[in-house]
Structure formats: C-alpha cells, structure tokens
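Enquirer: Compute the structure for the input listed below.
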Amino acid sequence: MQRGRGKRGGGRGSDNSRRENIKSSSMALATHGGFHKKSEQQAARRAAGYAKRVLGASTLAGTDSHVEDVTAYQVMITGLPIAALSNVLPLVEFLRSKLDRPVTITNSKVLNNKLFFTVANEGDARSLELLSPLTYNNERITIKSASTTIRRVNISRIGVLEKSFAALVAATYDVQNRMMDLSNIKGKISGVEVDFNESGTIAALWRVLQRKCAQVESVTFANNGIHALYGFAQASSCRSLINFSFLNNSIADLEQLDHMRHIKVKELDLRNNQVTIHPKYKTEMGRKFPTLRFLDGQEVGLLCSFDVPSYITTGAVEIPPSNPVFFESQEIKSFVVTFMAKYFKLFDDARDKLLDAYTDDSNFSLTIGDPCRVTVIRNLIKYNRNLLKRQELDERVKLLSSGRLNISKLLAELPKTVHNLNVCAIDAYSLRSGVSAVPIAVIHIMGPLMLGDEKVGFDRVLMLAPPSARSEGWPGVIVNDQLQLFDAPLQFAQLQPQQPPTPATSPQPPAVASPSPSVPQSHLVMAERLVQETRLQAQYAVQCLEAAGWNYDAALVSFQQKQAAGQIPPQVLIS
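Expert: Numbering: from 1, shown residues only. Take a look at the predicted model:
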C-alpha cells in the first residue's frame, strides 16, 4: 500500500527528492547492524531494485552498485566556545598554521557542542590529533580521532570510475617495467568525467592500483590539465610507487608538491609546468624530496652544490679567509668584547656579582630544546619557557623573570658552568638609540658549555643598553636575556685554541663561519657532525644539508660522490 501511494505521489515530487530517498533507503539497508555476507547481498539487490523502479534502468546503466565498507576519516574537537562553532573558518586556518604538512578538510558538522571535521585520509586525521591539546581563543581544546566505518550501497560515479580505471590498467599496465600510462585521459572515459584535480577521482585510482597492480613503480599523468595535487597525498598507499611524470600539465605552485613530500620519490618530471620557472625550483625539489635522483629527465646526481663563483674555482683569485665573527663596527667590537670578558667570567665563578649587570626593568627567560635527554638539563624543565610548549598566557608570564633581583635569584639556581668563548660563534650588531654615543647592542653567541658535569650546547641572545648610575664598572647593562640549552654541544672543528678575551688587550673572538640564524639548533648539531666527517667549512656544510633536505645520510653520500668526481673546490674545505 505504501508503495502504491509512493507511485501516485511520484508525479508531484522532484527527481532530486526521489534520488535523496533512494540514497537514504540504500544507506538504511546497508547499515542495518549485524548482518552477514548473505544479508549484504540481499541489501544490495533490494536497494538496486528500488532504485531501478523509481529512477528507471537507464539512469543506472553502467553503474557499479555494490555493498562496501567505507571509512569516514573524522576528528572530534571539544572545548570550543559557542561562537567558534558557528564560524569554523578561523579555526581551520589556525589549525593549518600549526601543522607541518597540508591537510585536506572536506566537511564539518556540529553535534552536541562538538565539532567534527571530515578529512581526506587517516594521515590527515592523525596529524590533527597530534596537535592536541592546544589553546584556541583562550580556550583549551582537545582533538580526538572519530573515524568510523560505514556499510553502504555505492551507486555513484566513483564505482564507474573504478570500473573504468580497472579496464584501463588491464589494457595499459606494463608488468615487466612496472609502469602505468595514464596520459591524455583528461575528460571522459566510459561516459564519466575524469578530473585528476578532484580528490575522489584520484582516490578511486589509488584503490584500483592497489588491487590490480600493487607493484607499480612508475605512473605518467602527462597532458591531463593537472594543477592541484591534494589527492596525490594518498599515493603512499601504493607502496612501490616512486616515479611520477606530470609532463605538460598546469602545476604552478611549489606548495602543491608539499602534498607528496612524504613519498620517497625517485624520479619526477614536471617539464612544461609553470612551477619550473620558479627561481628556487631545483633547490626546493632537493629540499622537498631528498631521495630524488632524476628531475625533468636529467640525473640529479649530487643534491648539494656550493655557491662558489667559477673565477674562484679556476684559481683566478685567491679566496679570502672565513670571517671569524661578525662585528658591525670597531666600536661595537670593543664594547662587546669588554662586556663579555667580565660577564662570563663572573657567570662561571661568582654569579652573585652579576646583580648590577641587569636593571629593574630587565627580563630573562630560559628555554630547553627538544629532545632533552641530559639529566642536568632535565632538572631545569620547571624553568622552561618554550612558547611552543607553554600555551597559557599566565604560565608564560610566570616563567619570565623580570627585574634584577628575580633574575639574579634564578641565575643562582642554575648549575655550575664553564664557558669557553674560543669555541663559540659570536655576532654583534647595534640598535641605534639616538640618545647615546654608545649604541644599544645585540650579542648572539652559541657553542658548547660545561653545565655541571655534562657538556651541552647553548644559544644566548643578550640585548645591552648604556649603563645606569647603579651599574658601576659595567660598560653596559642587559635589558633582555634569552638563554637556550640543548643536549648536543656545538663546536666547530676549524676553531683553534686562543686565549680568552680580556678588556686589557681587547682581542678579537675566535674564527668561525657563522651559521645562518634561521637554522634550528638540531640542524646546527648535524652541521657540526658533517664538518668533522668531511672537513667542509661550516657554512658549506649547512648548504650541503639544506640542499639534501636535512637528510644527513643523503648529504654525506652526495659529498662523497662529488669528491670522488674531483668536483669539491679546495677553497670550501678546512685547510
């Protein structure tokens, strides 16, 4: 009876409404709990039969109608204020700014004051979950995986796509060379639109490749109008796939390639794509894909190169010695050397006498680098003001020592130290105050440090201002002091022992190739290791590691290959 009334009312309803009814009925049949394979087949037959009766056989012609288990990758976010639930775009941008890889969010919904994001794959869900807990708009929020498996009847273009891709694989897969040719299929195959910029299309392809040719190593996507690579993040599901050709496509943005950077790409062809005209194209390719061996049809060979002009390598001019340190001027040099000689001697031997080196308005903060395995550093975790770890504003303020008395009290609680300025890198420059003949100076010093009985690394930035009436005997006072401690000591192999600087002689601090200030401390430790193993000067070791994407083994192999070919200029080595 209900079916009869449905027929009589069908003329008044729209096709869209009927399609929604079919979808709902199909889902209801497929998600009914606790049925086995026979019930699945019955559900599929009933859903397909119902669809045929309402839409007609012509609508379903060529579709792949079957029951399947589908994982919906979701995360659940709790703790959000009501205002954030009504407008999720700012939250999406906030989360993306915290991530180190692109994440595709395809849908969102609010249920019982909880926000659910649907994402493209399990890796995206895991990346978001690892951010938890964190603070957003002064509220502490948590992110948990809420992925579910649903059983449904698939009556969609995706089923047709998979069927068409399977036929294409059977016809074009080169088993011997493990190669698949998917060039020039932009548009329609079997009457279904194919767009490799759309994540559903490319996801269907990966599923077919997994089933039909799991050992595929190379796929060409030439001449397919590809400009977005979101869906290619899932290419890692085909574990053997390492070679990609995007010849003659429309990829223009270097950031699109970030979606593939977790794949161990061996060969990549981007010729006749706008992205190749980027001034840092080859450098970025080496950084994003440290395993890359062929780029645009050419063997990459050595991933690292040295920015040494050809007239130097040909011997036309003698290369100058490495700049020992950076001092902006002779005036700054005299000021800084005098200050450091006094300050670090008292810091090591009589810290209670440092009170007048600070003012009532001075600030001091201590940061502990990751990872932290050395016991003497772990004991200082309670003072750690790492802003990536301390999200609460009150906690950040509490861990900032302000005023000379509070700073002196904290310094007294630090373990015994021994500094050796001769093996430290030092940069000093001025911030002109406009009211004093002595410039406000910034000192950046990094190197090894004996902390208690352990040899660790430190990185310290001091901001100095002209002395006050209270700071008698000091050439300047510290207005801001930032100290970072980390496990591995920094010491550059080319440094030679020298006498510590003293105010009387004002000697120049030791020679060192100052690393780029943008290089993280963990990378500097890696650079030191490469210096010791290859005798590269420090700045060239950093260049070599940057070009290899900070993959130490790849950088070392590249250096050895270049050295074996006689392509290492002697001027870049420590003499």
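
Enquirer: Next, count neighbours for residue 113.
Expert: Each residue near residue 113 was counted by other CB atoms under 10 Å, and the total is 11. The way it works is simple: take the backbone N, C-alpha and C, and place the C-beta from them, glycine included.

Enquirer: Check whether the spatially closest residue to it that is not a sequence neighbour sits in a helix, strand or coil.
Expert: Sequence neighbours aside, residue 85 is the residue nearest to residue 113 in space, at 6.8 Å (criterion: CB to CB, 6 or more residues apart in numbering). The three-state label for residue 85, taken from DSSP: H, G, I helix; E, B strand; the rest coil, comes out as helix.

Enquirer: and residue 85, what does it touch?
Expert: Residues in contact with residue 85 (CB atoms under 8 Å, 6 or more residues apart in numbering) are 110, 113, 115.

Enquirer: element containing the first one?
Expert: Following DSSP states H and E, the helix or strand that holds residue 110 is strand 105-111.

Enquirer: The helix or strand just after that strand pairs with which strands?
Expert: Tracing the chain C-terminally past strand 105-111 and defining elements by DSSP H and E, one meets strand 114-119 next. The strands beside strand 114-119 in its sheet (DSSP bridges) come out as strand 74-78 (antiparallel), strand 105-111 (antiparallel).

Enquirer: quick one, which of these is packed in tightest?
Expert: By mean neighbour count, with neighbours taken as mean count of other CB atoms under 10 Å, strand 74-78 ranks first of the strands paired with strand 114-119 at a mean of 20.

Enquirer: Can you tell me what sits against that strand?
Expert: Surrounding strand 74-78, the residues in contact under the criterion CB under 8 Å, 6+ apart are 91, 113-119, 125, 128-129, 141-148.

Enquirer: Buried subset of those residues, written for PyMOL?
Expert: The following PyMOL line selects those of these that are buried, judged by 16 or more other CB atoms under 10 Å:
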select buried, resi 91+115+117+118+119+125+128+129+141+143+145+146+147
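
Enquirer: Redo the contacts of residue 85 as JSON lines? Include pLDDT and distance to residue 137.
Expert: JSON lines is the format used below for the contacts of residue 85 (pLDDT from 0 to 100; distance: CB to CB, whole Å):
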{"residue": "110", "pLDDT": "86", "distance to residue 137": "16"}
{"residue": "113", "pLDDT": "86", "distance to residue 137": "15"}
{"residue": "115", "pLDDT": "90", "distance to residue 137": "13"}
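
Enquirer: For the residue nearest to residue 409 when sequence neighbours are not counted, give me phi and psi.
Expert: Excluding its sequence neighbours, the residue lying closest to residue 409 (CB to CB, 6+ apart) is residue 401, at 7.8 Å. Geometry field for residue 401 lists phi and psi as phi -80, psi 120, criterion degrees, to the nearest 10.

Enquirer: ok so, going back, between the strands paired with strand 114-119, which has the poorest mean confidence score?
Expert: When these are compared on mean pLDDT, strand 105-111 scores lowest, with a mean of 83.

Enquirer: mind checking how far that strand is from the chain centre?
Expert: For strand 105-111, the gap between its own C-alpha mean and the chain's C-alpha mean amounts to 25 Å (CA atoms, centre = their mean, to the nearest Å).
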